[in-house]
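Asker: Whatever this is, show me its structure:
(chains A and B)
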Amino acid sequence: MAVATAPRRGMTKTEKRNQVMGLLFISPWLIGFFLFALFPLVASLYYSMTNYDFIREPQFIGLANYVRLFTIDPDFWTVMYNTIYYVGFGVPLGIAVAFMIANLLNSEIKGRTLFRSLIYIPSIVPAVCTAMVWLFILNVQYGAINGILKTIGWPTIPFLSSPELAKPSLIMIYIWAQGTAVVIFLAALQDVPRSLYDAALVDGANAWNRFWNVTVPMCTPVILFNFIMGIIWAFQDFTLPFVLTGGGPMKSTEFYVVNLYRNAFVQFSIGKASAMAWILFLIILLFSVILFRTSARWVYYGGEK
Amino acid sequence: MTSASQTVASKPQIQQPAKSGSLSASKLLSRFLVYTTLIVLGITWIFPLYWMVTSSLKDDPQIYTVPPVLIPNPAYWNNFYDAWTRFDFNRAAFNSVFLYSVPATIFTLVSSMIVAYGFARIPWRGRDTLFWVCIATMMLPWQVTMVPLFIIFKNLGWINTYWPFVVPSLFGNAYFIFLLRQFFLSIPEELSDAARIDGASEFGILWRIIVPLSKPAMAVVMLFTFLGAWNNYLGPLIYINSQEMQPLALAIYRMRTLALSMGTTAMAYPHLMAVSTLVALPIILIFIFAQRTFIEGISTTGLKG
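Answerer: Sure, this is the predicted structure:
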C-alpha cells in the first residue's frame, strides 16, 4: 500500500487539496478496514496457533490445532463431509434449477412479474421464519407433505428426523431459496442479443440447439458468477441448519460453520475454532481459484478475442 | 457461433406471424407447457409461505387433521394477537426496528456514500490500489473475523449492548461502497466542475449534486442494509444474552424452544406460524412496494438478501 500520506513536491495546489480530500473521504472505510478486517484477520491467524478459552492467556502451540483437526479430532471429517455434500449437491442443483426457471420466465409470457415475485420472495424472508415453516411442513406427524402422503395412503417420510434424509431435505430448502440467482439469470438472459437467436433460426437451429448453442454460452459469465457466490454462501450457511436441525439427527447436518460456532461460543475452544475458520477460508479461496482458472475453457466472454 | 451472428441479423422473413395452422398449434402447445410449468413452480415455491400464513389462522385440531386443511374454517384471526402477546414480542419488535435495523441502515448509507464519493469523484494518488483492497475485503468470510471481533468487543465492554451492530456501520460496507462508486462514476463530471467554480466544497457537491441524482442507488443500499439487519440472526446470537435486548429473529427461536417444549397442543404451531408471518410481513410488504429497486439492485450487483 504505497499511498503517499504527505503530498510530494511538484503537486499543484489543486492536486494537494484533492489528495487530502480523497483520503479524508475514504478514511471511514480505511479505519474500519484496519479495525474490523485486517487486525481481526491477523489476530485470527495468531489465535489459530494457540490454546485459548477467552479466560486464560493464549498459549502458543504452533500448528497443533491444525494437526489435531486433521488427525485425531472426532468430528472434523464428519463435518467436512456434511458440508462438501451440501455444497457439492446444493450449488450445482441450485444453479440448474434457477437457470431453468429463469429461461421459462424469459419466454414470451404474460405475468412475468408475478411469477418472478413468487419465486423470489422466499429468498428474502428472514431465514428464521423459513426455518420455522419448513420445520412444520416437513414434520413427520403434523407436516403438510406427510399429511398429503397419508391422505393418499403412502408411507410417511421422516425428512428431518432421519440421518439419511436430513441433508437432502436441507438441500431442497436451499434450492427453494435460490430466487436471487433466478433474478440474476433473468437479467442476463434479457441481455442476450435477439440477433443471435434470429441468426440461429435462419441456420435451422431448433429450440434445443438454440438453448445449448446460444443461451448457455452467452450466460456462462453469469453462471460462473453464481457458482462462485453460491459456493461462498453455501459453505457459510448458518441460520437454516442451526435453527432447523441444530446439527442433528446424529450430526448428519452438523455443517462446518455450525460446528465452528459451537467450538467458539459453546466449547470456548478459540484456537480450534480459529484454525477451522482459516481452513474454511483457504478451501473457499481454492474453489474460487479453481473455478476462475478453468473458466477460460468454459466461460464465453462476447467482447474478448 | 459468433461468426454467423451479426451479418444475418435482421432478415425480414424471420418476423413470422403464425402462418400455418400446424405452426401455431405447436406454438400453442409450447405456450401451454411453459404456462403449466410456471404455474406449478409458482405454486410450489409460494406454498410454504401460504402454509405459514394459513396455519397462523388455525386451531390445534385443524393443524393435525388429515387430509391437511388448505383453507382454515373458521379462521382464528386473534391468533396473531395471542401469539404476539404470549411471548411479549413488542419489545423485540421495538429492538428490531429502532435499535438493529434503522440506525444500521442510516449509518451504512451515509458512511458508504462518503467513502464512495472519495473513490469515484476525487482524483488522488493510490486511489485505485485502495479500491481494490476494498473489493478484496468482500471475499473475507465472516468466520475468520468473528472470534477476534468478539474479543475486541468484549474488551470494550460491548457484549450485550447494541454497539457491535451500530459502530461497524459507521465505517461503510464494501458491497455498497462498490455499488455507489459505480453509480457515482456515471454522473457527468461537468456538474461537479461547475459547482467547484461556484465555490462549492466537496461535501457541498456530494450533498447538493450527487445525492439528488443517486436516489435509485441509495434506495438499493437502504433496502439491502435493512434486509440484512432485520434478518440477522448470528450477530445477536453471539453478542446479545439478555432477553430484553433480543431482536425478533432471536425471539422467534426462543419461542420455538418454549412452545414446542410445552408439547404439540397449546397452540404451539399456530402461534409459531403467526409470529413468523408477522416478522416476515414487513419484508414482503417492502418487496411489493419497492420491487423494481430490489430487482435492479440484484441484477446489477448480485447482492443477496
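
Asker: list the contacts for B:Phe226?
Answerer: Taking C-beta atoms under 8 Å, 6 or more residues apart in numbering or on different chains, we find B:Phe226 in contact with B:Ser101, B:Val102, B:Ala104, B:Thr105, B:Ile286. (Glycine included, C-beta is placed from N, CA and C.)

Asker: ChimeraX command to pick out the buried ones of those?
Answerer: Entered in ChimeraX, the line below selects the buried ones among the contacts of B:Phe226, by 16 or more other C-beta atoms under 10 Å in any protein chain shown:
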select /B:101,104,105,286
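
Asker: which ones among the contacts of B:Phe226 are found in helices?
Answerer: Taking DSSP state H, the ones among those that sit in helices are B:Val102, B:Ala104, B:Thr105, B:Ile286.

Asker: okay, the contacts of B:Phe226 in CSV with distance to chain A and pLDDT next?
Answerer: Formatted as CSV, the contacts of B:Phe226 follow (distance: C-beta to the nearest C-beta, whole Å; pLDDT from 0 to 100):
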residue, distance to chain A, pLDDT
B:Ser101, 11, 94
B:Val102, 16, 95
B:Ala104, 14, 95
B:Thr105, 15, 96
B:Ile286, 9, 92
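
Asker: quick one: contacts for the residue of the stretch 151-300 of chain B found nearest chain A?
Answerer: Nearest residue of the stretch 151-300 of chain B to chain A: B:Phe171, at 2.5 Å (C-beta to the nearest C-beta). By C-beta under 8 Å, 6+ apart, the contact list for B:Phe171 reads A:Pro28, A:Trp29, A:Ile31, A:Gly32, A:Phe33, A:Leu35, A:Phe36, B:Ser111.

Asker: Quick check: the fifth one touching B:Phe131?
Answerer: No - here A:Phe33 does not reach B:Phe131: they are 11.6 Å apart, not a contact under C-beta atoms under 8 Å.

Asker: Sort out which one of the contacts of B:Phe226 lies nearest B:Asn78 for me.
Answerer: Minimum distance to B:Asn78 across the contacts of B:Phe226 is 26.0 Å, recorded for B:Ile286 (C-beta to C-beta).

Asker: nearest residue to that closest one other than its sequence neighbours?
Answerer: Spatially, and ignoring its direct neighbours in sequence, B:Ile286 is nearest to B:Leu223 (7.0 Å; C-beta to C-beta, 6 or more residues apart in numbering or on different chains).

Asker: in the host helix or strand of that neighbour, what counts as buried?
Answerer: For B:Leu223, the host element (DSSP states H and E) is helix B:215-231. By neighbour count on 16+ other C-beta under 10 Å, the buried set for helix B:215-231 is B:217-231.

Asker: Could you list every helix and strand in contact with the helix or strand just after it?
Answerer: Sequence order places helix B:234-239 as the next helix or strand after helix B:215-231, per DSSP H and E. Secondary-structure packing of helix B:234-239 (3 or more C-beta pairs under 8 Å, 6 or more residues apart in numbering or on different chains; DSSP states H and E): helix B:142-155, helix B:163-166, helix B:248-261.

Asker: ok, and does the helix or strand following the second one reach over to chain A?
Answerer: Read it as helix B:163-166. Using DSSP H and E, the helix or strand that follows helix B:163-166 in sequence is helix B:174-185. Yes - using C-beta under 8 Å from any C-beta of the partner chain, helix B:174-185 reaches chain A at B:Ala174, B:Ile177.

Asker: can you list contacts of the very next helix or strand once past helix B:174-185?
Answerer: On the C-terminal side of helix B:174-185, the closest following helix or strand by DSSP H and E is helix B:189-197. Contact with helix B:189-197 is made by B:Arg121, B:Gly204, B:Ile205, B:Arg208, B:Ile209, B:Leu213, as judged by C-beta under 8 Å, 6+ apart.

Asker: relative to helix B:174-185, how tilted is helix B:189-197?
Answerer: Orientation check (axes from the mean of the first three to the mean of the last three C-alpha atoms, to 10 degrees): helix B:189-197 against helix B:174-185 gives 80 degrees.

Asker: and the residue nearest the centre of chain A, what pLDDT?
Answerer: In chain A, the residue lying closest to the centroid (C-alpha atoms, centre = their mean) is A:Trp233, at 1.5 Å. pLDDT, A:Trp233: 90.

Asker: who does the helix or strand hosting it touch, helix- and strand-wise?
Answerer: Using DSSP H and E, A:Trp233 falls within helix A:216-235. Judged by 3+ C-beta pairs under 8 Å, 6+ apart, helix A:216-235 is in contact with helix A:76-106, helix A:179-190, helix A:270-298.

Asker: swap the cut-off to 10 Å and go again
Answerer: Secondary-structure packing of helix A:216-235 (3 or more C-beta pairs under 10 Å, 6 or more residues apart in numbering or on different chains; DSSP states H and E): helix A:76-106, helix A:163-176, helix A:179-190, helix A:194-202, helix A:270-298.

Asker: starting at the chain centroid, how far to stretch B:194-205?
Answerer: In terms of C-alpha atoms, centre = their mean, to the nearest Å, the centre of stretch B:194-205 is set 35 Å apart from its chain centre.

Asker: Span of it from start to end?
Answerer: End-to-end distance of stretch B:194-205 (C-alpha to C-alpha, to the nearest Å): 10 Å.

Asker: circling back: pick the most buried one from the helices and strands packed on helix A:216-235.
Answerer: helix A:179-190 (a mean of 23; mean count of other C-beta atoms under 10 Å in any protein chain shown).

Asker: Report the inter-axis angle for it versus helix A:163-176.
Answerer: Using the same axes, to 10 degrees: helix A:179-190 against helix A:163-176 is 50 degrees.

Asker: for helix A:179-190, the distance to its chain's centre please.
Answerer: Distance, centroid of helix A:179-190 to centroid of chain: 16 Å (C-alpha atoms, centre = their mean).

Asker: Need the CA coordinates for that helix. CSV is fine.
Answerer: What follows is helix A:179-190, C-alpha atoms only, in CSV (Å, rounded to 0.1, in the frame of the first residue of the first chain):
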residue,chain,number,x,y,z
GLY,A,179,-34.6,-16.7,-6.0
THR,A,180,-31.7,-14.3,-6.1
ALA,A,181,-29.9,-16.5,-8.7
VAL,A,182,-33.1,-16.6,-10.8
VAL,A,183,-33.3,-12.8,-10.9
ILE,A,184,-29.6,-12.5,-11.9
PHE,A,185,-30.0,-15.2,-14.6
LEU,A,186,-33.1,-13.5,-15.9
ALA,A,187,-31.3,-10.2,-16.2
ALA,A,188,-28.5,-11.9,-18.1
LEU,A,189,-31.0,-13.7,-20.4
GLN,A,190,-32.6,-10.4,-21.3
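
Asker: so does it get close to chain B?
Answerer: Yes - using C-beta under 10 Å from any C-beta of the partner chain, helix A:179-190 reaches chain B at A:Gly179, A:Thr180, A:Ala181, A:Val182, A:Val183, A:Ile184, A:Phe185, A:Leu186, A:Ala187, A:Ala188, A:Gln190.

Asker: which one of those residues sits closest to chain B?
Answerer: For those, the residue nearest chain B by C-beta to the nearest C-beta is A:Ala187; the value is 3.6 Å.

Asker: Test my guess that that closest one contacts B:Ile298.
Answerer: Yes - between A:Ala187 and B:Ile298 there is a contact under C-beta atoms under 10 Å: 7.8 Å.

Asker: Spell out which residues sit in contact with the closest residue to B:Ala120 other than its chain neighbours, please.
Answerer: Take B:Ala120 and drop its neighbours on the chain: the residue closest to it by C-beta to C-beta, 6+ apart is B:Phe184, 3.7 Å away. Counting by C-beta atoms under 10 Å, 6 or more residues apart in numbering or on different chains, B:Phe184 touches B:113, B:116-121, B:192, B:206, B:210, B:213-214, B:217.

Asker: cutoff 6 Å now
Answerer: Shown in contact with B:Phe184 (C-beta atoms under 6 Å, 6 or more residues apart in numbering or on different chains): B:Ala116, B:Ala120, B:Arg121.
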